[in-house]
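> my questions concern the predicted model and sequence given below.
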Amino acid sequence: MTVIHKAAKDWKVDPNFVDYEGTRRGFDWSSAPDVCAGMGPGACNIAYAAVDRHQDGPAASRTALRFVSALDTDGAVATRDMSYGELGRLTRQFTNVLRSLAIGRGDRVFTLMGRTPELYISIMGALRNGSVVSPLFSAFGPEPIATRLSIGECDVLITTKAIFRKKLAKIRDQLTSVRHILVVDDTVDNDAARGTLNFWHLMDKADDNAPIEPTTADDPALLHFTSGTTGTPKGALHVHGAVQMHYLTGLYALDLHPEDIYWCTADPGWVTGMSYGVISPLLHGVTSIVDEAEFDATRWYTILQSQGVSVWYTAPTAIRMLIKAGPELAAQFTFPHLRFIASVGEPLNAEAVWWGQRVLGLPIHDNWWQTETGGIMIANTPAFDIKPGSMGRPLPGIDACVVRHRDDGSVSVIDEPDVEGELALKLGWPSMFREYLHQEDRYRKCFTDGLYLTGDLVKRDSDGYFWFVGRADDVIKSAGHLIGPFEVENALTDHPAVAEAAVIGKPDPTVGEVVKAFVTLKDGFSADDELRLDVLGHARKHLGAAVAPKEIEFVDSLPHTRSGKIMRRLLKARELGLPEGDISTVETMAETHAPAVSS
Ligand code: ATP
Ligand code: MG
C-alpha cells in the first residue's frame, strides 16, 4: 500500500490537528470549545457564533465573503468584498425585516437564489431571528420547488425577480403556506395580490440594532433536503447545536486558520455548501471565496490562482472534470498559496488523490459525511498519513464501526478488519439530524442499539482507515459475491482513456446479477470496439473475471444529481425500462458539462 506521508508535506503553517490518537483519547463533547459561550448560559445560535461574535473583535474589518462575478477573457476577476462588520450590520437589519413581517422563532424561511450577497444576509438574519432556514438550489424547476416548499411548510421565500417570473408566478396559488415572497431586485414593487415584497426596500427601512433570539442548542435551525441519489429527497432537520461540529471540523478536517483564503465550491442549497461554504468559514473568521458562476475548468484554475486560495474544499465530480480538461490547461497556472485540499460527496479514487499531488502540488484529502450527519465524520486530516482511495479515519468525538445485520433486525459490530458491512456511527455528536420531515418511521429505522445506520457499505482496515464500498442500495449480487460498485468503477477510471464510470447490476437468470458499466471517455479517445476490449481486459486484470464488468457501454455523459453525484438508480431504471422515480435533483442535459458541484 502506497501512502502519502504527512511528514513529507510542506504544511506552510502549523496544522491545527497533529496528534490523532491523543486528541481522540482526551476528547469529550461536553468540554469541547463552545463558540456560543458569549451568548449567556444555555443559549446557542449559529449566527451568534458566525457573525455576532466577530463584531467587536479583530475579524470585524476582515473580508468575510469575496463574491467573484465576472471573469474577463484575459483572466481579470471582478470581485466584491463584504467584511464581517458589514455582514453583521446587514444581518441585523434582515432580522428586523423578518420581525416587521411577524416572522419569528421556528418559522420557516426558504432561500431560492444564486450565490449573491442577499443569500448570505438572508441565511444569517433568519438564523439570528430563531427562524428555520431551508436553502434551495436555484436551478430547481417549478415542481421540485413547490414540493419542497410544501413539505417544509415555508412561511417566507426569498428569491430573485428572474426566478419569480420564470418559475414561481404560475404556481404562486399552490404555495399556500407561503406568507411572503421577498424579491431581491431594485425594480420590483410590492405586490399585495401576489404577496411579494421588495427585499431591499424592506432592508432600507430596517434598523441595524436587533437583539439576537436566545435559541438553545436543541432548537431547530436548518432544514436540508438530501441529494436524491438513491430515491426521493428527504428533508433533514438540524439544530443550532450543530455549530459546535461546524467549528471543530473546520479546525480538524479543513485546517482553517483565520488568515486563510478559503473556497468551498458547493452551493449552499446542499448541506456541504451550508455547513462548510457558509457557517464553518465564518466561525473561523476566514475570507471565503464565493463564485457566482458554475463550473468551468479555466475559470476555476483562474480563481484558485488569482485569489490566492489557501484551503480548497471541492468534490470528486469537479476533480474528474479538471482531470478530463487535461494537464496542459493546469500547467498554465501556479498555486503557491494553496496548502490544503479536501473533497467530499462521492468516493475519491486513488488516482485523483495522486493527480492532486502531481498537478496541484498537494494530495486531496477525502472526507465522508451525509446530509443527516450535519458535519464531517470521517476524514483524511493533517494528523496522519493519507492512504489514497480511503476516506480516512473518524474525527475526534466520532465513533464509527462496521456492522452486520442479523435476521432478527438487530446488528452486530464486526471487529475483524477488512470485512465489508454497513457503516454505523455511535450517537452523541452535536450536528446529528433530529427528524426526517413527515417521515417518522423512516427516521426511526435509521437507529438501533445507540447507533445511527448510514446506508453506506464500507471496510475498516487494521490501521482504522475506512474504505468506501458502495451504497447499500447499489451493491451488486453476482454468483454469490457482493460487489461494491466503487471497486469496479475505481479499476475502470484507472484506465488512461476513462474519464468517469458507473456500474449497475443487471438481472441475470444464472448468476442473479451481472455487472454492467457505463463509461465516459477523456477527450481525444474514440469509443470503438478495440478500446472497449482494452478497458474490459484492464478491468479483468485488476478485478478478476467474477467482479469485472461483463458489459461496457460508452456514453457521452452520465446522469448526475445537481450536487454532482452519479445517479446509478437512474442508469439501472433506464437499462431495465423501469420508471425513473424522483428525478427532481437530476441535472438537465444542458447542465451536464457544467454541473453545480457540491456535497
Ligand atoms: P439521498 O439520501 O437522497 O439518496 P445522498 O445520500 O446522495 O442522497 P447526501 O446526504 O448529499 O445525499 O450524500 C451523502 C452520501 O454521499 C453518503 O451517504 C455517501 O453515500 C456519499 N458520500 C459522501 N462522501 C463520500 C466519500 N468521501 N466517499 C464515498 N461516498 C461519499
Ligand atoms: Mg443519503
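Alright, I've got the coordinates. Ligands and ions are numbered 1, 2, ... in the order given.

> so what's the backbone phi/psi at the residue nearest to Ala242 when sequence neighbours are not counted?
In space, and not counting its chain neighbours, Ala242 is closest to Ser431: 3.5 Å by C-beta to C-beta, 6 or more residues apart in numbering. Backbone N, C-alpha and C define where each C-beta goes, glycine included. When read as degrees, to the nearest 10, the backbone of Ser431 gives phi -100, psi 20.

> mind listing what Ser431 touches?
Contact analysis of Ser431 by C-beta atoms under 8 Å, 6 or more residues apart in numbering lists 238, 241-242, 244-246, 275, 373-375.

> with those residues in mind, which one is nearest to ligand 1?
Checking the contacts of Ser431 against ligand 1 by C-beta to the nearest ligand atom gives Thr373 as the nearest, at 8.2 Å.

> just checking, that closest one touches Leu425?
Yes. Under the criterion of C-beta atoms under 8 Å, Thr373 makes contact with Leu425 at 7.0 Å.

> any idea how the chain splits into domains?
The chain breaks down into these domains under automatic domain parsing: 46-69+80-458, 477-598.

> common neighbours of Thr373 and Leu425, please.
Contacts common to Thr373 and Leu425, judged by C-beta under 8 Å, 6+ apart, are 452, 454.

> for this structure, where's the lowest mean pLDDT among helices and strands?
strand 481-483 (a mean of 86; mean pLDDT, DSSP states H and E).

> can you list contacts of it?
For strand 481-483, using C-beta under 8 Å, 6+ apart, the contacting residues are 420, 475-477, 505, 515, 546-547.

> so can I have TSV of these showing neighbour count?
Shown next, in TSV, are those (neighbours: other C-beta atoms under 10 Å):
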residue	neighbour count
Glu420	17
Val475	16
Ile476	23
Lys477	12
Gly505	21
Val515	25
Ala546	13
Val547	19
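
> for stretch 298-315, the averaged confidence score.
The average pLDDT within stretch 298-315 is 96.

> check the offset of that stretch from the chain's centre.
17 Å (C-alpha atoms, centre = their mean, to the nearest Å).

> same check on stretch 34-50?
With C-alpha atoms, centre = their mean, you get 25 Å for stretch 34-50.

> now that stretch: buried residues?
Within stretch 34-50, the residues that count as buried by 16 or more other C-beta atoms under 10 Å are 35-36, 39, 43-50.

> pretty sure Ile378 sits against Leu395.
Yes. Between Ile378 and Leu395 a contact is recorded at 7.1 Å, counting by C-beta under 8 Å.

> so how many other residues sit close to the residue in the stretch 351-500 of the chain that ligand 1 sits nearest to?
Closest to ligand 1 within the stretch 351-500 of the chain is Thr371: 3.3 Å, counting by C-beta to the nearest ligand atom. Thr371: 22 surrounding residues under other C-beta atoms under 10 Å.

> just confirm it is within a helix.
No. Going by DSSP: H, G, I helix; E, B strand; the rest coil, the assignment for Thr371 is coil, not a helix.

> per-residue confidence at it?
Reported pLDDT for Thr371: 96.

> what's the separation between it and Lys234?
Remark: distance between Thr371 and Lys234 (C-beta to C-beta, to the nearest Å) = 8 Å.

> can you list residues touching both of those two?
225-226.

> would you mind naming what in this protein lies close to ligand 1?
226-231, 233-234, 344-347, 366-368, 370-371, 391, 454, 456, 468, 471, 563, 565, 599 (C-beta under 6 Å from any ligand atom).

> now Pro336: how far from ligand 1?
Distance, Pro336 to ligand 1, by C-beta to the nearest ligand atom, to the nearest Å: 28 Å.

> chain neighbours aside, what residue packs nearest to Tyr443?
Tyr436 is the one closest to Tyr443 (C-beta to C-beta, 6+ apart), at 4.4 Å.

> now do Asp255
Asp255's closest residue in space is Phe340 (C-beta to C-beta, 6+ apart), at 4.9 Å.

> thought the one you found was touching Val309?
No. Using C-beta under 8 Å, Phe340 is not in contact with Val309, being 10.0 Å away.

> who has more neighbours, those two?
Between Phe340 and Val309, counted using other C-beta under 10 Å, Phe340 has the larger neighbour count: 26 against 21.

> any idea how far that one is from Glu575?
Applying C-beta to C-beta to Phe340 and Glu575 gives a distance of 40 Å.

> one step back: which ones among the contacts of Ser431 map onto helices?
244-246 (DSSP state H).

> helix, strand or coil: sort out Leu127 for me.
Leu127 - assigned by three-state DSSP - is helix.

> got a pLDDT number for it?
Reading off the model, Leu127 has pLDDT 98.

> contact partners for it?
So Leu127 contacts 45-47, 50, 133, 221, 240 (C-beta under 8 Å, 6+ apart).

> please export the C-alpha coordinates of stretch 100-109 as CSV.
Extracted in CSV, the C-alpha atoms of stretch 100-109 (Å, rounded to 0.1, in the frame of the first residue of the first chain):
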residue,chain,number,x,y,z
SER,A,100,-41.5,43.5,10.9
LEU,A,101,-43.3,40.8,9.0
ALA,A,102,-44.2,38.9,12.2
ILE,A,103,-41.9,36.0,11.2
GLY,A,104,-40.4,34.6,14.4
ARG,A,105,-38.8,31.6,16.1
GLY,A,106,-39.4,28.3,14.4
ASP,A,107,-41.0,29.9,11.3
ARG,A,108,-39.5,28.6,8.0
VAL,A,109,-37.5,30.8,5.8
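
> tell me which residues of that stretch are tucked away?
101, 103, 107-109.

> ok, now stretch 477-495?
478, 483-493, 495.
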